[in-house]
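*Asks:* Just a sequence and a predicted model for now, questions to come.
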Amino acid sequence: MSNESKVKIALVVNGELTEVAFAPHKTLLEVLREDLSLTGTKHGCELGECGTCTVLLDGTPVLSCLALGLACAGRSVRTVEAMAQGGKLHPLQETFADLGAAQCGYCTPAFLLAAEALLASNPKPTRAEIKDALAGNLCRCTGYIKIYEAVELAAARMRGEIAEPSRESLYGN
Amino acid sequence: MATEGWNDGEMERENRSNVPSVQRSNIIGKALRKVDAVAKVTGTTRFADDLAFPRMLYCKLLRSTEPHARIVSIDTAAAASLEGVHAVLTGRDLPIPFGILPVSQDEHTLCVDKVRFIGDPVAAVAATSEEVATAALDLIKVVYEPLKSIASAEEAVAHPEPRIHDYGDGGNLHKLIDLEFGDADAGIAAGDVVREDLFFFEGSTHLPMEQHAAVAIWSPDGKLTLWTSTQTPHYVHRAVAKVLELAPARIRVIATPNGGGFGGKSDPFNHEIAVAKLAMLTGRPVKITLTREEVFYCHRGRHPTLMWVRTGVKRDGSITGMHFRSLLDGGAYGSYGVASTYYTGALQTVTYHVPRYHFQGARAFTNKAPCGPKRGHGTPQPRFAVEVHLDKIAEQLAIDPAELRLKTLVPPNSLTANYLRVGSMGLGTCIAKVVEGSDWKRKFRKLPEGHGVGLACSSYISGAGLPIYWNNMPHSGVQLKCDRGGGVTVFCGSTEIGQGSDSILAYIVAEVLGVDPFDIAVVTADTDLTPVDLGSYSSRVTLMSGNAALQAAERARQILALHAGRKLEVPVERLTFAGGRVFDSKDRKRGASFAEAVQWAEAAEGTVGTVGSYTPPQSAGKYRGAGVGPSPAYSYSACVAEVDVDPETGIVRVPTIWIAHDVGRSINSASVIGQVEGSIYMGLGEALMEEMAYRGDLKVVHKIPSLLEYKSPTTLEMCDVITYLVEDPDPNGPFGAKEVGQGPLLPVMPAVANAVYDAVGVRIDEVPITPEKVFKALKRKQKGESPRYGPEQFPDIPWPEPIRVPTPWEGGDGKAVTAAPVPLERPH
């Protein structure tokens, strides 16, 4: 095992062509965290049950704990590290931060990427569509509600609307 | 605390009040971003498993496959000689026991003679990779001599032998408690209605998304550094020092931000001590990250609890007396269990006036993963029992359950029968809010079949009155440094677990010093750098670290004001600190920047640094057991749940929950609402689906320790939540703040149970309320049998002689009186 020879692949990670060598049994999660030091991607079970390790593979949310690193050769991976650009937060990151949609923050990178993929295909999702798109991601802190509100607010802003959080969501009824 | 002179308004408060005269606050109460929000949303927060060091080794633990057995032999030779393995440990290498409570030091890093549950660690390996370490575990040969296993608290009562531990209150009973406040039987008999009920609350686990992880480094200068995902770095510090026989001054424990805790990371754990020892042996960094399966074995979750309650009530709804019994299934170790057991009896008295009260509690050892503190610690179980019991009493008396509760509320600023000092008390307002918001009066007993509403209330502590180990030092400490550039750094031992404790420190200091909270650096949870805070448990952090921060900030303001007053030629009492400036409140142009004020003070006095600390008020109770229950302030919650029940399948869906929470005062309202919503979510899981269930012939094998099979609510099950914040400032809270992280969970389970009864007329007297239980109760109802699902009996327990304490209204002074001789076995 320790002597298992490494394989080298090339893939696009967060927009950059990247070469990486790793033991062939490694998952994409392990390659990202251990071989590329991209620790923004988290894990909660490593069995494909919690959604915490979600990344975008060619734009589609996948569980990086179930994807073999080798199978990602030549493909494009997007992780949370790429969301803020030029020192500026992504609109989803802004709203997650402002509404308290991240409490412990451990599941947050996965929710952000799943939400980003949703908004890419559906810029004006209903609450039910948001719930459906995020049903594979577990969060134990928030009860999901602030996450829905953050996705809705970011979606509105990404559509160019001027939108603010509701008073109830910040101060109660 | 002195707070005069730094703002415009004045409020009349008593001298000890921490509700400063803030009419107009700039920070407190606002829905601001948390100070760590950007790190969280960019994935840059460094959790324990994100740490890596050159030459790091990986640790894996071999865990017992037997529920209860003597260890005959452990052969580690083959594992030790595997290439890549640097060290192997067994129990004999670490003979000193530890445990969170001084009274139950019953854990070993690795089992020495005996294993007590499936998952108990018996050996540890450090190797160059997790794969090699895992392969080494397969080479360790353990010979076990199996012992009879105990699967439930009832079984533990029935089988004193074989004993799981050789200490406790006899046989397999870890702890027996009997406390009587006034003559409860006589009180109950004076009721017009006397009602008895039995309830069962199944165990559940915290399920934080982050698996526990720890990294240790040993330096040749004899210093050990341990990074770990713990809620209680101070207690880990003590346990590591004890087991490894190292001077605490040579150990640095750093709690990494926790990826969720909920109480599950509050004990010192085997794996933390194992990596520390392995780092010492190998001289290399050693890391462990538990698998999700192992997180289930760490557990320390909700105790499965059987409860019996008898209450006497007058026709008008007032309670004349209550007798409450609980039997807790503690699992294999003590953990916080003694405190958990007391908590199943402590807080019954702080919501409704109970003039005479008798509590009997028992905790049993069983061969299952150890139970401990989960959000609400020992109080959700009795709260479920009492609130469903009251719903039944209200029906018997033909009083609306909301009205019944309003008639019996504990008055503010009063002492309960068991000597808990209630301060601010906003439960009445909470009930009014949810009754109005949910349209309760039009819905209760009036919705069509299959639809129902239920109401329940609760209370929780804002920190415990006593520390876990006896000492008379503060519970929380803060150091504060003002930089001549205008920045402020706050140092505190408090631990960020997602609840926002780092932000609380920044907001409070920012409010007092009039600076932007984002100009404040927060350094927390590092035993080398920060003064002790006892940890993130008991909902203590906002109140206790908040008060410590408030004191440190006020002291800094006094220093700055003295010198700014001189330079500006303005009387100190006229100075205002706001907007990054210090200025004359009567002439706002006469002022300076905060940075200039620091420079003036630094030039005059040297470095500007202050400290603050907090010690809770003394408890009123002086009897044995009085340490559990007292708190500087109690939060209150009221909840209405609406349910849809499918009579064909028994499936319960919860579309909406209305919750009102008396938080005293919000430090950050968005964070408070986040805690409320998260509590409702976790309560909903416990109400409907979460169970730490065991299977197999012996019922000691975890049902399936995975995130998929341990059912928790996803986005598709989560209900809508309508939140009302009730602000009734408490003099003991910083700016009046009380807790919010745990209390709002408590009323959810009974509100759902009461709503199910309203919907389909069946009583489910245990949680979780699964479709199977509802279906069985509906079948019984159809057959004309008792429309109920729940426990049928409470076992005979050899209760000790009660500790008798006269109530305050009987002239009691909080001390126990010498009891008249009574038989050891009291009639049941």
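*Replies:* It's in. Numbering: from 1, shown residues only, chains lettered A, B, ... in the order given.
*Asks:* Indicate the residue of the stretch 201-350 of chain B located nearest to chain A.
*Replies:* Closest contact between the stretch 201-350 of chain B and chain A, by Cβ to the nearest Cβ, is at B:G259 (3.0 Å). C-beta here means a position set from N, CA and C on the backbone, and glycine is covered the same way.
*Asks:* Give me the pLDDT value at the residue in the stretch 51-200 of chain B that chain A sits nearest to.
*Replies:* Nearest residue of the stretch 51-200 of chain B to chain A: B:E131, at 4.4 Å (Cβ to the nearest Cβ). According to the prediction, B:E131 has pLDDT 95.
*Asks:* Make sure I have this right: it is in a helix.
*Replies:* Yes: counting by DSSP: H, G, I helix; E, B strand; the rest coil, B:E131 falls inside a helix.
*Asks:* What about it, how many residues nearby?
*Replies:* 17 (other Cβ atoms under 10 Å in any protein chain shown).
*Asks:* Repeat that for the one 5 residues further on.
*Replies:* Applying other Cβ under 10 Å, we find 26 residues neighbouring B:A136.
*Asks:* Likewise for the one 10 residues further on?
*Replies:* Burial of B:P146 is recorded as 11 neighbouring residues (other Cβ under 10 Å).
*Asks:* pretty sure it is touching B:E66, no?
*Replies:* Yes: using Cβ atoms under 8 Å, B:P146 is in contact with B:E66, at 5.8 Å.
*Asks:* related to what we said a few turns ago, what separation do you get for the residue of the stretch 51-200 of chain B closest to chain A and A:E34?
*Replies:* B:E131 sits 12 Å away from A:E34, going by Cβ to Cβ, to the nearest Å.
*Asks:* do the same with B:A241
*Replies:* To A:E34, B:A241 is 32 Å away according to Cβ to Cβ.
*Asks:* again with B:G259
*Replies:* Counting by Cβ to Cβ - B:G259 and A:E34 are separated by 18 Å.
*Asks:* same check, this time on B:P734
*Replies:* From B:P734 to A:E34 the distance is 43 Å (Cβ to Cβ).
*Asks:* So for those two, which sits in the more crowded spot?
*Replies:* Legend: neighbour count by other Cβ under 10 Å for B:P734 and A:E34, higher for B:P734 (31 against 16).
*Asks:* Tell me which residues touch the nearest residue to that one once chain neighbours are set aside, please.
*Replies:* Ranked by Cβ to Cβ, 6 or more residues apart in numbering or on different chains and with sequence neighbours excluded, the top spatial neighbour of B:P734 is B:G546, at 3.5 Å. For B:G546, the contact set (Cβ atoms under 8 Å, 6 or more residues apart in numbering or on different chains) comprises B:504-505, B:508, B:667, B:733-735, B:737.
*Asks:* Now tabulate those residues in JSON lines and tack on pLDDT.
*Replies:* As requested, these are arranged in JSON lines below (pLDDT from 0 to 100):
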{"residue": "B:I504", "pLDDT": "98"}
{"residue": "B:L505", "pLDDT": "98"}
{"residue": "B:I508", "pLDDT": "98"}
{"residue": "B:I667", "pLDDT": "97"}
{"residue": "B:G733", "pLDDT": "98"}
{"residue": "B:P734", "pLDDT": "98"}
{"residue": "B:F735", "pLDDT": "97"}
{"residue": "B:A737", "pLDDT": "98"}
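*Asks:* Sketch out the strands for chain A, chain order is fine.
*Replies:* Using DSSP state E, the strands of chain A run over A:7-13, A:16-22, A:54-57, A:60-63, A:76-78.
*Asks:* Could you do the stretch 451-600 of chain B as well?
*Replies:* For the stretch 451-600 of chain B, the strands defined by DSSP state E, counting those that start in this stretch occupy B:451-461, B:476-482, B:488-492, B:520-524, B:575-578, B:581-584, B:587-593.
*Asks:* Could you report the distance from B:Q675 to chain A?
*Replies:* 8 Å (Cβ to the nearest Cβ, to the nearest Å).
*Asks:* so what's B:N172 up against?
*Replies:* B:150, B:156-157, B:159-160, B:163-164, B:364-366.
*Asks:* let's see it at 6 Å
*Replies:* B:150, B:156, B:160, B:164, B:364-365 (Cβ atoms under 6 Å, 6 or more residues apart in numbering or on different chains).
*Asks:* Please apply the same query to B:V422.
*Replies:* By Cβ under 6 Å, 6+ apart, the contact list for B:V422 reads B:350, B:410, B:414, B:634.
*Asks:* Excluding sequence neighbours, find me the nearest residue to the first one.
*Replies:* Once flanking residues are discounted, B:V350 sits nearest to B:S459: 4.8 Å by Cβ to Cβ, 6+ apart.
*Asks:* now do the third one
*Replies:* Taking Cβ to Cβ, 6+ apart, and ignoring the residues beside it in sequence, B:S414 has B:V422 as its nearest neighbour in space, at 5.3 Å.
*Asks:* List phi and psi for the one you found.
*Replies:* Main-chain torsions, B:V422, degrees, to the nearest 10: phi -90, psi 130.
*Asks:* where does it land on pLDDT?
*Replies:* Turning to B:V422, the model gives it a pLDDT of 98.
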